[in-house]
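**Q** Sequence and computational prediction follow.
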Amino acid sequence: MLPRPNSKAVDRRARLGLPEVDTPRRPPPDRVSDFEEAWTDVTLQWARDAALRCIQCPAAPCVKACPVGNDIPYALWQLEHGRVEDAAEVFRATNSMPEICGRICPQAELCEGACVYTKQNRAPVPIGRLEAWVTEEAGTTGSGFPLSPAGPTGRRVAIVGAGPAGITAAERLALRGHSVTLFDAWPEAGGLLLYGIPRFKLSPDRVTGRVRRLGGLGIRRQYATRIGDDIGVDDLVSRGFDAVLLAVGAGIGRPLSTEGVALDGVHQATPFLVRTNTAADLLPPGMEPLDSVGERVAIIGGGDTAMDCVRTALRLGAREATVWYRRTEAEMPGNPRDRELAIQEGARLEWLASPLALKGDADGRVRTLELVRMELGQADASGRRWPSPVDGSAFEVSVDTVVLALGYLPDASFVSRIADLDTEPDGRIAVDPATGATSRPGVFAAGDSVLGPALVVDAVAHGIRASESIHAFLASGGSAAAR
């Protein structure tokens, strides 16, 4: 691996004068014709040219903006010299799934948003695309991690939830020599990576390939098992697990309190995305694929999930796919890149409109969405201006399908069944912020069940922290049975 560059090795002024490098994507008409990923393949020369634009900032604002602290300048230094394996090793040293985070992280809000070029209103170094490319090009096994676990410690860990936080913690604990069993309610591991993110953003093959690594580390996997229903946390402890990690996410869709939400053709976002993007053999019993949405689809919401839903609707043949959001784009959460792609593909984004009611036909099928125009008033505690309805501005639009993408909540019914587990007022699991330890000895929590709906990379960071805390707990002789 090349040593870090010194100040004489980098002509920052010359690099700042280099031309921008476009990130290649498939044309919009091609993208909406299938569910394949939007990116196109790149070459080593493209990657080296893109990496060469990094001016190797001494302050490294991109590193500070990364939730897992990726050493981005050092990785790009390796890449610009053609050392793909070494660049991959740098990324994998801090991130257990860089090939995934490089695809789905909102880099504009994180590393790329902190890039010096962004501050100059120029295109940043395409860090996310480079991170994904080098780690895949270097091979799926991961040169930055040992390929076999340490000697067995004799300690057992149960991880509840096989999403990004759970997978990350499972891998790292197994590499420490602990015996790990991964439980999940879905038929396959991956969590939102497999059952929430559309195929055109993240191919399922990349997720299942990532999961296969767990079996190679001796991790036991028990899927289609809902902890709290089929097995309780007390049962896990009585079965001899020395520590338990709760990484169940925050997958309960926020409800819409209006007339007509029970009509046919009205979907919560997660079931909609699961049914339209997941192979039939990976669906849970009783959930059928959804391959038609009609001509007119309305999405209620404004975040990343809303963009996933509207882009999915277009791929299912919707002639009109519209996102209705009660504020303006300036207040809209989520990744601007996804909004740009959605608009390119034909989605309509309508601001300052909020749903009043859903109306159906004689067969109970949704046919009309009634909305009201909104205006923004004073800012609330979060700094966002609060929307209020405009008198006399109600109107109706015809719809065949409505998807509710209003955000997510923790599963309060799950945490309420665990004895001696403290929670926050909104249902999130309360933890020691430094360790992820809950109020119950030997039980830890990580990911969206603690954070609320957050980024995949935040869940990865939580999984890393949890693995370190659990290892320290076990190494000190701790046991979840000692209550």
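**A** Yes, it's here. Computed from a predicted model, the values in this text were never measured in an experiment.
**Q** same for the longest helix along the chain, what does it pack against?
**A** For the chain, the helix that runs over the most residues, judged by DSSP state H, is helix 456-475. On a contact count with 3 or more CB pairs under 8 Å, 6 or more residues apart in numbering; DSSP states H and E, helix 456-475 meets helix 98-104, helix 164-175, strand 243-246, strand 443-445, helix 448-451. C-beta: built from backbone N, CA, C; applies to glycine.
**Q** if you set the cut-off to 10 Å instead, what comes out?
**A** For helix 456-475, the packing partners by 3 or more CB pairs under 10 Å, 6 or more residues apart in numbering; DSSP states H and E come out as helix 84-94, helix 98-104, strand 156-160, helix 164-175, helix 192-195, strand 243-246, strand 443-445, helix 448-451.
**Q** show me the biggest strand of the protein in terms of residues.
**A** Among all segments of the chain classified by DSSP state E, the strand with the greatest residue count is strand 366-379.
**Q** Check the offset of that one from the chain's centre.
**A** The gap between the average C-alpha position of strand 366-379 and the chain average comes to 28 Å, counting by CA atoms, centre = their mean, to the nearest Å.
**Q** do the same with stretch 29-44
**A** The answer for stretch 29-44 is 20 Å, by CA atoms, centre = their mean.
**Q** same question for it, mean pLDDT?
**A** What stretch 29-44 shows for mean pLDDT is 94.
**Q** Can you measure across it, start residue to end residue?
**A** End-to-end distance for stretch 29-44: 27 Å, by CA to CA, to the nearest Å.
**Q** quick revisit: out of the helices and strands packed on helix 456-475, which is closest to residue 301?
**A** Nearest of the helices and strands packed on helix 456-475 to residue 301, taken as CB to CB: helix 192-195 at 16.1 Å.
**Q** How about the closest one, which residues are buried there?
**A** 192-195 (16 or more other CB atoms under 10 Å).
**Q** sorry, back to before: next, the buried residues of the longest strand of the chain.
**A** Using 16+ other CB under 10 Å as the test for burial, strand 366-379 gives 366-374, 376.
**Q** Can I get that strand in PDB? Just the C-alpha atoms.
**A** Once side chains and other backbone atoms are set aside, the C-alpha atoms of strand 366-379 remain, and they are given as PDB (Å, rounded to 0.1, in the frame of the first residue of the first chain):
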ATOM      1  CA  VAL A 366     -59.700   3.800  -4.500                       C
ATOM      2  CA  ARG A 367     -60.600   6.200  -7.400                       C
ATOM      3  CA  THR A 368     -60.200   9.700  -6.000                       C
ATOM      4  CA  LEU A 369     -57.700  11.600  -3.900                       C
ATOM      5  CA  GLU A 370     -58.900  14.800  -2.300                       C
ATOM      6  CA  LEU A 371     -56.200  17.300  -1.300                       C
ATOM      7  CA  VAL A 372     -56.000  20.800   0.000                       C
ATOM      8  CA  ARG A 373     -53.400  23.400  -0.900                       C
ATOM      9  CA  MET A 374     -51.000  24.400   1.900                       C
ATOM     10  CA  GLU A 375     -49.100  27.500   2.900                       C
ATOM     11  CA  LEU A 376     -46.000  27.700   5.100                       C
ATOM     12  CA  GLY A 377     -46.000  29.600   8.300                       C
ATOM     13  CA  GLN A 378     -43.600  30.000  11.200                       C
ATOM     14  CA  ALA A 379     -40.700  27.500  11.700                       C
END
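**Q** and it, what other elements does it pack with?
**A** Here strand 366-379 touches strand 266-268, strand 296-300, strand 320-324, strand 353-360, strand 385-389, strand 395-398, strand 401-404, going by 3+ CB pairs under 10 Å, 6+ apart.
**Q** Lovely, talk soon.
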